[in-house]
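Asks: The following block contains a protein sequence and its predicted model.
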Amino acid sequence: MGAEFVQFSLTPILIGIFAAIACALPGNFLILRRQALIGDAISHVVLPGIVVAFLITGVVATWPMLMGAAAAALVAVFLIEVVRRMGKIEPGAAMGVVFTSLFAGGVLLLEQSDTSSVHLDVEHALMGNLEQLIWLRAEGWGSLLDPVALSYLPPELLRMAVAAALIGALTWLFWRPLKLSSFDEGFARALGLPVRTIGLGLVTAAAVAAVAAFDAVGSIIVIAMFICPPAAARLITNHLGRQVGWSLVFAVLSAILGYVFAGYGPLWLGASNSVSAAGMVAAVAGVILLLACLFGPARHRVGVAAGS
Amino acid sequence: MSAFLDALFFQAGYNAALVAVGAALLGFAAGAGGSFLFLRNRALVSDAVAHATLPGVGLAFIVMVALGGDGRALIGLLAGSAISAWIGLLAVEWMVRRTRLSEDAAIGAVLSTFFGLGVVLLTVIQGMSRGRQAGLEDFLLGSTAGMLLQDALLIAGGGLLVVTAIWLLRRPMTLVAFDPAFAAARGVDVRRIDLAMMAVVLAVTVVGLKLVGLILIVALLIIPPVTARFWADRAERVVWIAGVIGGLSGWVGAALSATAPALPTGPIIVLVATGLFVVSLLFSPTRGVTAAMIARRAFQTRVHRRQGLLALARNEPIHDRLTLRILRAEGLLRGDGVATEDGQAACARIARDERRWSVARRLHKDTALTGRYDGLTPIDDVFTADEITWIDTHMLAGGSA
Amino acid sequence: MADLTLLQSAEPLDPASPLAVRGLTVSYGEKPALFSLDATFPVGAMSAIVGPNGAGKSTFLKAVLGLIPRVSGDVSAFGRDVDRVRDRIAYVPQRASVDWDFPTTALDVVLMGLYGQVGLWRRITGAHKTHARACLDRVGMADFADRQIGQLSGGQQQRVFLARALAQDADLFLLDEPFAGVDAATEAAIIEVLKSLKAEGRSVIAVHHDLSTVADYFDHVMLVNLRRIAEGPVQTTFTAETLAEAYGGRLGAVQIDALSLQGA
């Protein structure tokens, strides 16, 4: 755990952790509201968003792309709502129609425009480039106190940390409305809470997390972190606060173990090349969920109200 | 334009023609097969199935290379994808059955985990000496460029096979999709038909991998059924209309994409389907947005007209602006709030209608008829003339009592 | 404008009533669920909303609270717009309307009733928790405070819902089928609590489906079937004639005679 670790592994692991936290927090509420796949839909429309941003600005720069992705996510959420209400289509199918159509549009635009010369492609949007977010200037743990070296930190780290902190703060601030409107929408509205705005705010937070994360870690981690850690946590406890806590533990664990297994696992097995860290983080999250499905103390459905 | 027409009518070369036929068959199978999922409100299960194919493709390649083969044989890759997709599907069902997680969470968990595993395997393959040219990334988005004749034949043949299977199973499948409980009562093995439906979806996914890719095959399973729902209310018709929409999208899309190099087949097919969907959403005569807006407006007018006339009949003041505007516009109310001659006649008619309904609901034993009272339906829509005479007699008797 | 004179001529809804509506029409798509309904509920009384299945009883409560859009009509609570007096109204939804699998405890659910007073950001203190436990105690659920709600029986869940409404310390209680699918002991416990609310001068309005207990439990009744069939004191309103009109052929003549003892 010396200089090499700080140079090559510390920043990717931290970025992975922040991305996992930013996604897992809203994921808890999405799962409880049976909207888990909104995360899936959002991460698919990131691609058309960045392509359109590139076509408009003509440059491959971070901020226009993030804005484009965020705009695409909100457009997708809006369109899903339009299709669901106006066409009276069940939410799953409405989501399917919208995100696949937008994704197809994104791929087509990508092929039509001359973006092959720049680093902008489907695989990047899916898998990210976690392994390349290294801190070459670091010379060891001491560099954490060296302002010059710190200024060479990959910008993704700060961005992801800010996104995670922002979403953490929002979750804390809006804990009560989120909880109440997820549990009993009728009662929340009778109290005068703006239930629809709360729902839209939640989806927007999810979109912010997805957009901030996809560039660094790719869409796969985004979808996996929206769903797997909160789902596993739900099977561990029957208490919302503890569920969110467990989901963060699982998210951080997946990020660390996934990165370590991807980087060092093949070496342990005698192979020479590392494998995709993003893919491995998702796979570890899946294994954690599998274990929770098998052994989680609150895994069974019990005492569901019979209805009347 | 002529290039497009050539492609549309199979004049653009043997391979292109086969691809067009294959795309049409695949589109039909996807539309019809996807309808069964859609009618059971499980459309997004196809998303899990599609993403779960990736590790199978990777493993199949590794196994084929390990056995000394080329690794790129399409049939082998498709077989691998089918196996891992099936495992993914079973994982979704297992989670929903055995844990408290809902289906959407299970779908999301399976699709992200399997896809993550698949990406890991792809990077493993890239590290292999043979892996550099594997071209497995094509399975993400599909690619018809440089497709071998035998691949095109495989797709066309596979499409034909799935369409035949749907044709053979159409009756029990529509029955189960429409009403599983009724189907079970009729002696249909619902679990088995469910599996057959899933097998159809899986087959469509696998056959479509090379053509449209695993992300967009979901679109072909979802968009045509949703579009068909705008044009039919009966399950069987939804299935066939969805098939036709899917087939049309596949055929036209494949032809369009053959006209230019920068028009990838998968996205074009999907966007043709999306176009049909948008047209249906806006203009379907029964469920379309335009029709709904017109109907909503007409309904509101009816409610306000009736409420206003009832208030006039009871000599109560009207205070709702919209009511006033509607009554005035129809010449039933004067500017000063007094009913016109037409208005008075309408009031009398409606007041009588209300009295008749009130008697009918008290006396008539048939709740199926009296239950149709909704405050708007005139009583002569529901009862025959002699029944109304009977009601009137009771009305007079009741009034004098 | 001519409109204005007419608007002014409209009489205001009774300001003393905890809940008054006029011309209330609600529809699900093309099918009206309530048509041009007028009602004025008395203060400090227990009122029942009665009618056959699908008559619009639950719809009435939801429309009054603005949970579903109204096609037309005015609603006033304590003489004011409902939005301005939400903190004086407690709503107990149908038990089937929420996700009982939600990861939360009985005490947590009752604390949700305090959100109106505590606000969304101020700390929940020990005093609030004591109050919530007292509300649970009032419905006989003190020992179940820390249970996950999914592990409670239907009757116990209904009691938790009632405790949450009690925590709101409201003046008007709107209950949607509080006795649906609950055991006899729970029904007795709930009615006890509702009667104590009435004794404190608060108003209770409940959607009720059991005709045989209307006369025992309630003072005031509104019979609904799409529109208001009758409304007034149970003694004079709950009669064979109004029941026949509300239920049509659904109730036999014998049943109606048996039910409406007072009115006959």
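Replies: Nice, I can see it.
Asks: any weak-confidence spans in chain B?
Replies: B:1, B:12, B:130-134, B:144-147, B:364-373, B:398-401 (pLDDT under 70).
Asks: How about the secondary structure of the most centrally placed residue in it?
Replies: By Cα atoms, centre = their mean, chain B has its centre lying nearest to residue B:226, at 2.1 Å. Under DSSP: H, G, I helix; E, B strand; the rest coil, residue B:226 falls in the helix class.
Asks: residues touching it, list them.
Replies: Listed by Cβ atoms under 8 Å, 6 or more residues apart in numbering or on different chains, the contact set of residue B:226 reads A:87, A:89, A:93, A:94, A:96, A:97, B:38, B:43, B:277. From N, CA and C alone the C-beta is placed, and that goes for glycine too.
Asks: Kindly report the same for residue C:66.
Replies: So residue C:66 contacts A:189, C:82, C:83 (Cβ under 8 Å, 6+ apart).
Asks: can you give me the strands for the stretch 201-350 of chain B?
Replies: Under the criterion DSSP state E, counting those that start in this stretch, the stretch 201-350 of chain B carries no strands.
Asks: before we move on, back to that, from the contacts of residue B:226, which is closest to chain C?
Replies: For the contacts of residue B:226, the closest approach to chain C (Cβ to the nearest Cβ) belongs to residue A:87, at 13.7 Å.
Asks: The residue nearest to residue A:72 when sequence neighbours are not counted: neighbour count?
Replies: Spatial nearest neighbour of residue A:72, excluding adjacent residues (Cβ to Cβ, 6 or more residues apart in numbering or on different chains): residue A:49 at 2.8 Å. For residue A:49, the count of nearby residues is 28 (other Cβ atoms under 10 Å in any protein chain shown).
Asks: what do you get for residue B:78?
Replies: Neighbours of residue B:78 (other Cβ under 10 Å): 25.
Asks: got it, and the one 5 residues further on?
Replies: A count of nearby residues for residue B:83, using other Cβ under 10 Å, gives 18.
Asks: ok, it to chain A distance?
Replies: Separation of residue B:83 from chain A (Cβ to the nearest Cβ, to the nearest Å) stands at 18 Å.
Asks: Name the helix or strand for residue C:90, please.
Replies: strand C:89-92 (DSSP states H and E).
Asks: what packs against that strand?
Replies: For strand C:89-92, the packing partners by 3 or more Cβ pairs under 8 Å, 6 or more residues apart in numbering or on different chains; DSSP states H and E come out as helix A:185-190, helix C:154-167, strand C:172-176.
Asks: could the ones you listed go into TSV alongside mean pLDDT, mean neighbour count and distance to residue C:230?
Replies: Listed next are the helices and strands packed on strand C:89-92 as TSV, based on pLDDT from 0 to 100; neighbours: other Cβ atoms under 10 Å in any protein chain shown; distance: least, Cβ to Cβ, whole Å:
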stretch	mean pLDDT	mean neighbour count	distance to residue C:230
helix A:185-190	91	23	27
helix C:154-167	94	25	27
strand C:172-176	95	25	20
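Asks: Kindly present the ones you listed as JSON lines, with separate columns for distance to chain B.
Replies: Formatted as JSON lines, the helices and strands packed on strand C:89-92 follow (distance: least, Cβ to the nearest Cβ, whole Å):
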{"stretch": "helix A:185-190", "distance to chain B": "16"}
{"stretch": "helix C:154-167", "distance to chain B": "17"}
{"stretch": "strand C:172-176", "distance to chain B": "22"}
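Asks: Relative to residue C:14, which of those is closest?
Replies: strand C:172-176 (13.8 Å; Cβ to Cβ).
Asks: Residue C:76: what secondary structure?
Replies: strand.
Asks: I'd like the distance from it to chain B, if you could.
Replies: When residue C:76 is compared with chain B (using Cβ to the nearest Cβ), they lie 13 Å apart.
Asks: what about that residue, how many neighbours?
Replies: Neighbours of residue C:76 (other Cβ under 10 Å): 22.
Asks: Name the SS class of the closest residue in space to it that isn't next to it in sequence, please.
Replies: Nearest residue to residue C:76, sequence neighbours excluded (Cβ to Cβ, 6+ apart): residue C:13, at 4.2 Å. Following three-state DSSP, residue C:13 is assigned to coil.
Asks: got it, and residue C:87?
Replies: Reduced to three states by three-state DSSP, residue C:87 is helix.
Asks: same deal with residue C:24?
Replies: strand.
Asks: I figured it was touching residue C:69, is that so?
Replies: No. Using Cβ atoms under 8 Å, residue C:24 makes no contact with residue C:69, being 11.7 Å away.
Asks: Contacts only, for residue 210.
Replies: Let's take chain A. Here residue A:210 is in contact with A:23, A:39, A:42, A:43, A:46, A:69, A:73, A:219, A:222, A:226 (criterion: Cβ under 8 Å, 6+ apart).
Asks: try chain C instead
Replies: residue C:179.
Asks: show me where pLDDT drops low in the stretch 51-200 of chain C?
Replies: For the stretch 51-200 of chain C, counting by pLDDT under 70, not a single residue falls below.
Asks: Quickly find the element holding the nearest residue to residue C:145 once chain neighbours are set aside.
Replies: In this structure, residue C:145 finds its nearest non-sequential neighbour in residue C:107, 4.1 Å apart by Cβ to Cβ, 6+ apart. In this structure, residue C:107 is located in helix C:106-112 according to DSSP H and E.
Asks: Outside of that helix itself, list whatever touches it.
Replies: Under Cβ under 8 Å, 6+ apart, the answer for helix C:106-112 is A:176, A:179-180, A:183-184, A:187, A:240, C:124, C:128-129, C:132-133, C:135-136, C:141, C:144-147, C:149, C:152, C:156, C:160-161, C:163-164, C:167.
Asks: And the contacts of the strand holding residue C:90?
Replies: Contacts of strand C:89-92 (Cβ under 8 Å, 6+ apart): A:186-187, A:190, C:61, C:65, C:77, C:82, C:113, C:161-162, C:164-166, C:168, C:170-176, C:178.
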